[in-house]
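> fold the following for me, if possible:
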Amino acid sequence: MRYNDKDGFEGDVWDADTGHLEGAYKGVLGASTAQQVIRKNSEAWRGFFRLKEQYHNASNTSVTEHPEPPGFRGNEDDGRQLKTVIRNTSYTVEWGDRSRLEILVG
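Now for the predicted structure:
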């Protein structure tokens, strides 16, 4: 949100208070899942900035389309779809006549 602020943003996208965010969600998601979400988000931003550098490097022709920053799923006007990230060690699926999905929470 800071990167796309129409008034510009002060500082760096890396200045986000991820400790506050982790603390807000680790009670619900579990500490390791909250950390993993933060790591995946950082990975997406690093990839974006890497592509942006390659795009603006005149000697590098491997990136031909302007890269877009990581975004949200949907928008406020159209309504956002609620989605989540679940570690593959945090759920089990049992298939059968009465299939069951168990999700570890907290």
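
> residues touching the closest residue to residue 41 other than its chain neighbours, list them.
Once flanking residues are discounted, residue 41 sits nearest to residue 70: 7.2 Å by CB to CB, 6 or more residues apart in numbering. In short, each C-beta sits where N, CA and C put it, glycine included. Contact analysis of residue 70 by CB atoms under 8 Å, 6 or more residues apart in numbering lists 41, 44, 45, 48.

> tell me which helix or strand the third one sits in.
In the assignment (DSSP states H and E), residue 45 maps to helix 31-56.

> next SSE after that helix?
strand 91-94.

> other SSEs contacting whichever helix or strand comes after that following strand?
The C-terminal neighbour of strand 91-94 among helices and strands, as given by DSSP H and E, is strand 100-103. Counting by 3 or more CB pairs under 8 Å, 6 or more residues apart in numbering; DSSP states H and E, the packing neighbours recorded for strand 100-103 are strand 91-94.

> alpha carbons of the strand it packs on, in CSV - could you do that?
The C-alpha coordinates for strand 91-94 follow below in CSV (Å, rounded to 0.1, in the frame of the first residue of the first chain):
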residue,chain,number,x,y,z
TYR,A,91,-3.5,-29.8,7.3
THR,A,92,-4.6,-33.3,6.5
VAL,A,93,-7.1,-34.6,4.1
GLU,A,94,-8.9,-37.9,4.3
